[in-house]
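> fold the following, please.
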Amino acid sequence: MNPIRFRAAEAADIPAVVALVESAYRGDVSRAGWTTEADLLDGQRTDPVEVGALIARAGSRVLLAEAPSTGSGQEGTLLACCHIEREHAQRCHFGMFAVSPREQGSGLGRALLAEAERIARREWGCTMMAMRVIDVRAELIAWYERRGYRRTGEYKAFPYGDPRFGLPRRDDLRFETLEKPLRAEAAA
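Numbering: from 1, shown residues only. Predicted coordinates for the structure are as follows:
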């Protein structure tokens, strides 16, 4: 994996973020990667209004991973994104994690997750990262478990009937909360 540049999203990034998230989770293009939800949900994953609200909200950051400047014409190309938000003084929520299908499996997702954890720990002083994952996504949950997250057994109903979250193709969807303690780094 080539070096990547991380930065906070701005309002001008909204269309690119929406396009990336949709490409990673919905429709046939998402099937090129392993994170697709195309067999579970149709419809949208996010929209410009939601992304704009996340960017503007205090204690919230949409984090972007871009190709660095190399002179190849790829500089500034959005490769991955996520959303982190301080829920309270000690806990940060992680979500809207999307990696371009062509970049999945490259280590980019692992690097972006590590950067999100670093921000939560160092900049915000959080000691716990939490997320919600559709519980039938066994492969995705296993990926998070390999990175230190644990299943809590805490479930939340899927918002059936609200098209902002997608159009379910099955009736057994729910979210499970995963958590990971964010430990202080050892001094160098």
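
> ok, then the element right after the helix or strand of the chain with the lowest mean pLDDT?
Here the helix or strand of the chain ranked lowest by mean pLDDT, DSSP states H and E is strand 41-42, holding a mean of 90. With elements assigned by DSSP states H and E, the helix or strand that comes after strand 41-42 is helix 48-56.

> in this protein, which spans are helices?
Using DSSP state H, the helices of the chain run over residues 14-25, 48-56, 108-118, 138-146.

> where exactly do the strands run in this protein?
Per DSSP state E, the chain carries strands over the ranges 5-8, 41-42, 60-66, 78-88, 91-99, 128-134, 150-157, 167-168, 174-181.

> mean neighbour count for these - can I get that in a markdown table?
In short, each C-beta sits where N, CA and C put it, glycine included. Below are the strands of the chain laid out as a markdown table (neighbours: other C-beta atoms under 10 Å):
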| stretch | mean neighbour count |
| --- | --- |
| strand 5-8 | 13 |
| strand 41-42 | 17 |
| strand 60-66 | 21 |
| strand 78-88 | 20 |
| strand 91-99 | 22 |
| strand 128-134 | 19 |
| strand 150-157 | 11 |
| strand 167-168 | 16 |
| strand 174-181 | 17 |
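
> so which of those strands gets nearest residue 28?
Closest approach to residue 28 among these is made by strand 41-42 (11.5 Å; C-beta to C-beta).
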